[in-house]
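Novice: Sharing a sequence plus its predicted fold:
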2 protein chains.
Amino acid sequence: MRIVVIGAGAAGTGAALEARKTSREAEITIVSNEEFPEYSRCGLPYAISGEIPEFEGLVLHDQGWYGKFGKVKLMLKTQVTEIITASNRMEVKHEDGSAEELQYDSLILATGSKPSIPPIQGLQKEGVFTLRTIGDGRRIMSAGGRGKRAVVVGAGLIGLELAEALHARGSEVTVIEFLPNVLLAMVDDDIAEVVKKRIEERNVKLILNTKVDEVIGKDKVKGVKATNMKTNEKITVEADILVVAAGIKPDTALAEKAGIALGPAKAIKVDDHMRTSVENVYAAGECTEYPDFITGASTRVGLGTVAVRQGKVAGINAAGGNATLNNLLNTRVTKLFGVEVAGVGPCTDIAAKAGMKIVTGKVRGSTLPEYMPGGKEIIVKVLSNDEGRLVGAQIVGEEQVAQRINVFAVAILKGMNVEEFSMLETCYAPPIAPTWDSMTISAEAAMKKIRRK
Amino acid sequence: MRIVVIGAGAAGTGAALEARKTSREAEITIVSNEEFPEYSRCGLPYAISGEIPEFEGLVLHDQGWYGKFGKVKLMLKTQVTEIITASNRMEVKHEDGSAEELQYDSLILATGSKPSIPPIQGLQKEGVFTLRTIGDGRRIMSAGGRGKRAVVVGAGLIGLELAEALHARGSEVTVIEFLPNVLLAMVDDDIAEVVKKRIEERNVKLILNTKVDEVIGKDKVKGVKATNMKTNEKITVEADILVVAAGIKPDTALAEKAGIALGPAKAIKVDDHMRTSVENVYAAGECTEYPDFITGASTRVGLGTVAVRQGKVAGINAAGGNATLNNLLNTRVTKLFGVEVAGVGPCTDIAAKAGMKIVTGKVRGSTLPEYMPGGKEIIVKVLSNDEGRLVGAQIVGEEQVAQRINVFAVAILKGMNVEEFSMLETCYAPPIAPTWDSMTISAEAAMKKIRRK
């Protein structure tokens, strides 16, 4: 059995590994157009900041690791030029220009995504970057630095992580965002507000509600012109470096050309076995879309955790096993300037758009009992439907946020309601957590609102 | 409506507060033989250590707080001498010796527990203590201190928290434990081992498998004589102060005298509404026993979290509402010498005694992705029954332990199996948690063992 995986990222490498575990006989080939074997893209901002000392530190496995599993072949710097699904084969082009044909019994597409580029004039200038690869990270790091003025377009997860990294290296950072607050794809506006305040306290300039129109400078970026969407005011921000971090778009070029169906979100549509519309072709990771657990809407995959889980399922099934994946909770977290912020389930606006009546319960508590010194403020917001079923949660604070969002992830997955959750037996010890955690109190707050209705 | 609550601890005060919320009409009286309104008993070791600067800091509400709610009367230093359930009344004796009769429509027993005292000869000496009240805490603090030799009998939660507190104040601490390891009521031996090593590294002497026979010294403690239960070796440990922390026993004296039924664990038996065997009499907290969620066995309540939840349910029902409580997960955590250790569900030995075939999955991981500096080792052990249903979990590490045990608490409560849990979408970000958390990997390890069977 021959399995070909296109893409050596989290989804692709995970798929190859699981295929190997599932079938000892399969010959597995991973084709990647990148220079490195699997590395952590999410780690790039932390290599730029210097927290991770070397970019090579992000590389998770050396070439030898792939060989160790036996019959796993990794082709780097190799481009797939065409997939011919009718005859289960593809054409690849190696770095030296030579072409090769690969036959497969099962194919796994893990082609990932590309930076999404908003319609800004004059982007083709020196000093303008996006962040996707180790090469991008290295270039941004050397262009930024002490005293350099950096503009980041986009105040989403990657934009802000990058802003923090450039700030840590001594750049003067301005973030320009089209929407009225930071992180609005991740959390509601009131939760985002905590992060926004912290960013501003740390002297990173945030310009919200603003569309970047044009990059100024002749060959080299000198700044941007932008328009405030509310006031129509035109502004100019000077810059030595510009990074566009305005989201990602699935890389579906090969799939489309091969006649593999996309879904409503314009990414590769897969079922719960990661099967595409074409037999023996699977897909996983950011090139796909997958149903949201709460709304049912087919949504683009954008989380590393989802990519590895899809990769695992794709790998098992491609090798003859049988695995499935639940719909997506989109459990997510980041840490920005010392603030942890996390969410699970849809944000309030998305849930409302999906026709749900959302009741929220929000609590401003402490990570420790009130009598214990050292507790940090933590804000927990739960989202319930009008029958009391938990559908989402968002948390922000300086510590102990991430695992609390995982608690909600299980509760939502298992269909728990706010009443039962409000009585959950959480653990308690004075130096660790209070007897009634802010999680359970926020659920109680939602429950009371529902009862009053 | 008249509600009397006996006991002003976590269960009693919680019950009174919820009764008030449930009925605006009820006249609520709390009778306590203690000197202070509700305070955190679990916080006592942290006041002894000095982490909480004053013992008064543990008091959660002043007398005025109770009055604020209207028709809540708090009687401190008042002893209930007898309850006559046939006529819904009780006799109480105030500090000044005066007696009073109280009538009730609903009665809530929240009499708590007393230190359990093992059969040691000569305990009636100066310098011998137990830890239950603020007064006990103060006495232990002034008797211990720099250069003092302290012996703690019992290496359970309270014994070890106390050992750490005395160590922090400069005492030379020896802990003597009957069982072969520390914390065996809380976690399995292999998890306890991590804590044991840390304690020994911090120069607290642990003597295991050893029974204390006798306190030596004339009027004042000079040390203890003890016997190693394995080797029969007799030892003598010199001491200036001795604290017995060998567990607790429910304070059921009043209940028994009033004809209220105890259960198999010799504590007050309550149903899921916290009703005792006598009509209109409820009980909550450490004076009660309650079914274990996994084994079904009626077990003594020993956690503050359970006490407050039982108190809430008792208060609501006593005031005419309708609330119930799930059986007990016993979600538990502590932090000792920088190590967090937590558990949920029964330990392996208890589950085995209850007739379950336990399969475990154990993983030694990191709190951060491998490429990210600063991750701490974390050991996660899951307990599954032989059909793959999660029945328990135990975690030990330097950080991020507590909320992970809460994740398992929800999973166990909702009957999740190891296969589904192994694919749980946990949150991931490089500075916070890996894409595959040790929690999910440990569940996968258990799943693989079950499949191989």
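Specialist: All right, it came through fine.

Novice: Please make it C-alpha for all contacts and neighbour counts, starting now.
Specialist: OK.

Novice: Now A:Ile28: which helix or strand?
Specialist: Using DSSP states H and E, A:Ile28 falls within strand A:27-31.

Novice: Who are the packing partners of that strand?
Specialist: Packing partners of strand A:27-31 (3 or more CA pairs under 8 Å, 6 or more residues apart in numbering or on different chains; DSSP states H and E): strand A:2-6, helix A:10-22, strand A:72-75.

Novice: export those to a markdown table and tack on mean neighbour count?
Specialist: Listed next are the helices and strands packed on strand A:27-31 as a markdown table, based on neighbours: other CA atoms under 10 Å in any protein chain shown:
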| stretch | mean neighbour count |
| --- | --- |
| strand A:2-6 | 25 |
| helix A:10-22 | 26 |
| strand A:72-75 | 21 |
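
Novice: show me the contacts for A:Gly365.
Specialist: Neighbouring residues of A:Gly365 by CA atoms under 8 Å, 6 or more residues apart in numbering or on different chains: A:Glu377, A:Ile378, A:Ile379, A:Val380, A:Ser438.

Novice: can we see that at 7 Å?
Specialist: Contacts here follow CA atoms under 7 Å, 6 or more residues apart in numbering or on different chains; on that basis A:Gly365 touches A:Glu377, A:Ile378, A:Ile379, A:Ser438.

Novice: I'd like the mean pLDDT over the strand holding A:Ile28, please.
Specialist: Regarding strand A:27-31, the rounded mean pLDDT is 97.

Novice: which residues sit against that strand?
Specialist: Strand A:27-31 has contacts (CA under 7 Å, 6+ apart) with A:1-8, A:16, A:71-76, A:78.

Novice: Name the member of those with the shortest distance to B:Gly50.
Specialist: A:Ala8 (53.8 Å; CA to CA).

Novice: Check whether the closest one really touches A:Ser32, as I assumed.
Specialist: Yes: with contact defined as CA atoms under 7 Å, A:Ala8 and A:Ser32 form a contacting pair (5.5 Å).

Novice: Would you point out which residue of chain A is nearest chain B?
Specialist: A:Val407 (4.3 Å; CA to the nearest CA).

Novice: Would you double-check that that residue falls in a helix?
Specialist: Yes: under DSSP: H, G, I helix; E, B strand; the rest coil, A:Val407 falls within a helix.

Novice: got a list of what it touches?
Specialist: A:Val407 neighbours (CA under 7 Å, 6+ apart): B:Asn406, B:Val407, B:Val410.

Novice: thinking again about what came up before, for the contacts of strand A:27-31, which one is nearest B:Met90?
Specialist: Nearest to B:Met90 among those, with distances taken as CA to CA, is A:Ala16, at 73.2 Å.

Novice: In contact with that closest one: list those residues for me.
Specialist: A:Ala16 neighbours (CA under 7 Å, 6+ apart): A:Val5, A:Ile28, A:Gly315.

Novice: Please report the distance of it from A:Ile316.
Specialist: Separation of A:Ala16 from A:Ile316 (CA to CA, to the nearest Å): 9 Å.

Novice: Tell me the confidence at the residue positioned nearest the centre of chain A?
Specialist: In chain A, the residue lying closest to the centroid (CA atoms, centre = their mean) is A:Leu303, at 3.4 Å. As predicted, A:Leu303 sits at a pLDDT of 96.

Novice: so what secondary structure elements neighbour the helix or strand bottoming out on mean pLDDT in chain A?
Specialist: Of the helices and strands making up chain A, the lowest-confidence element is helix A:63-68, at a mean of 82, by mean pLDDT, DSSP states H and E. Helices and strands touching helix A:63-68, by 3 or more CA pairs under 7 Å, 6 or more residues apart in numbering or on different chains; DSSP states H and E, are strand A:72-75.

Novice: repeat that with 10 Å
Specialist: helix A:10-22, strand A:27-31, strand A:72-75 (3 or more CA pairs under 10 Å, 6 or more residues apart in numbering or on different chains; DSSP states H and E).

Novice: Nearest to B:Arg89, out of those?
Specialist: Closest approach to B:Arg89 among the helices and strands packed on helix A:63-68 (CA to CA): helix A:10-22, 68.9 Å.

Novice: any idea how far the closest one is from the chain center?
Specialist: Distance, stretch centre to chain centre, for helix A:10-22: 20 Å (CA atoms, centre = their mean, to the nearest Å).

Novice: Likewise for stretch A:302-311?
Specialist: With CA atoms, centre = their mean as the basis, stretch A:302-311 stands 9 Å off its chain's centre.

Novice: Of all the helices and strands packed on strand A:27-31, which one is nearest B:Ala239?
Specialist: When the helices and strands packed on strand A:27-31 are compared (using CA to CA), the closest one is helix A:10-22, at 58.7 Å.

Novice: by how many degrees do the closest one and strand A:27-31 diverge?
Specialist: With axes from the mean of the first three to the mean of the last three CA atoms, to 10 degrees defining the directions, helix A:10-22 sits at 170 degrees from strand A:27-31.

Novice: report the angle between the axes of helix A:10-22 and strand A:2-6?
Specialist: 160 degrees.

Novice: for helix A:10-22, what is the average pLDDT?
Specialist: For helix A:10-22, mean pLDDT rounds to 96.

Novice: Please apply the same query to stretch A:336-347.
Specialist: Averaging pLDDT along stretch A:336-347 yields 98.

Novice: Now that stretch - C-alpha only, CSV.
Specialist: The C-alpha coordinates for stretch A:336-347 follow below in CSV (Å, rounded to 0.1, in the frame of the first residue of the first chain):
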residue,chain,number,x,y,z
LEU,A,336,-0.2,38.4,25.2
PHE,A,337,1.8,40.8,27.3
GLY,A,338,1.2,38.6,30.4
VAL,A,339,-2.5,38.2,29.9
GLU,A,340,-3.9,34.8,29.0
VAL,A,341,-7.1,34.8,27.0
ALA,A,342,-9.0,31.8,25.9
GLY,A,343,-12.3,30.7,24.4
VAL,A,344,-14.3,27.7,23.4
GLY,A,345,-17.4,27.4,21.3
PRO,A,346,-18.7,30.3,19.1
CYS,A,347,-18.5,33.9,20.1
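
Novice: Thanks again, I'm all set now.
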